[in-house]
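J.: Structure for this input, please:
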Amino acid sequence: MTYIHFIVLDVIFFNILHAHAFVGSQFAQNISPGTRIFASIEEPEVILSEHVVSLRKPMGIILEGDESNLAAGVFVKRMDPQGQTAAACRSDPSGFDICIRDKVMFVNGVDVSQDSLESIMELIIDGPNTVEIVLGRPSDAAVVRWTNGISIAAKPGDSFGCIARHEALIKIPYSCASGACGTCEQSISSEDEEFRQYIRPCVARVPGGVPIIIVNPSDRFGTPLP
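T.: You can find the predicted model right below:
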């Protein structure tokens with residue numbers, strides 16, 4: 001696949017075939033949860049809960065959209081683990097609600113749920129220094145919080161190992177890669193700690209019925225995560 005990139009004011013990288021945008025390098029520190037509910041366009045049976053995020057430019061997130069299917073929307077693809085949002089999430093994870101895979105629904109009050117990535121970036125670039133973004137997340141998603149401050153809106157059954165490597169940008173040490181040795185072992189818990197168990201990410205899957213899953217370093221075999 002051939003990629004064509006545009007650089008606009010050092011805040012956007014746009015891939016015209018499978019669109020990406022990198023929005024700056026810093027994050028705002030004021031995120032509050034929303035309450036409304038949206039049905040997704042491409043999958044009407046999936047309900048998206050709303051989360052309101054206030055971000056200062058430059059923001060330090062990567063957005064992704066498919067220009068051949070605008071109805072699918074634009075999503076949060078990456079977050080900078082060294083940015084302000086990741087640091088704020090590490091210090092106050094309950095106060096910051098932004099996840100990889102969240103869908104961009106509104107930007108500064110404008111409905112962009114079926115807009116192109118390019119038009120959304122224009123709104124962000126031309127808007128005020130603090131941008132209010134409404135994010136949609138499947139109501140059955142499990143928010144997996146990693147030690148570097150990045151959270152993933154995962155589906156039950158997703159591989160912990162794949163999420164860590166490809167989305168949370170966490171390097172987990174492996175040895176057997178079959179769940180036998182314990183080199184990769186970590187522990188997970190719910191936010192209220194009523195649910196807790198050990199996992200081996202090379203084979204473990206995201207469980208259902210736990211809305212927020214916190215990944216903690218293992219106190220048994222595994223190597224602590226960065």
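J.: and the longest helix for this protein?
T.: Identified as the longest helix of the chain according to DSSP state H is helix 117-126.
J.: strands paired with the next helix or strand after that helix, and their directions?
T.: Remark: after helix 117-126, the chain's next helix or strand is strand 130-138, criterion DSSP states H and E. According to DSSP bridges, strand 130-138 forms sheet pairs with strand 47-56 (antiparallel), strand 103-107 (antiparallel).
J.: any chance of those strands in a markdown table, with mean neighbour count, mean pLDDT and distance to Asp158 too?
T.: C-betas here are computed from N, CA, C, even on glycine. Output for those, formatted as a markdown table (neighbours: other C-beta atoms under 10 Å; pLDDT from 0 to 100; distance: least, C-beta to C-beta, whole Å):
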| stretch | mean neighbour count | mean pLDDT | distance to Asp158 |
| --- | --- | --- | --- |
| strand 47-56 | 19 | 86 | 18 |
| strand 103-107 | 22 | 96 | 17 |
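J.: Could you list the low-confidence segments of the protein?
T.: The chain contains residues with pLDDT under 70 at 1-45, 95, 221-226.
J.: And the helices in it?
T.: 84-91, 117-126, 160-166.
J.: could I get those as TSV with distance to Arg145?
T.: Below are these laid out as TSV (distance: least, C-beta to C-beta, whole Å):
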stretch	distance to Arg145
helix 84-91	7
helix 117-126	26
helix 160-166	11
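J.: Show the secondary-structure elements that the longest helix of the chain is packed against.
T.: If contacts are counted by 3 or more C-beta pairs under 8 Å, 6 or more residues apart in numbering; DSSP states H and E, helix 117-126 sits against strand 19-23, strand 61-65, strand 103-107.
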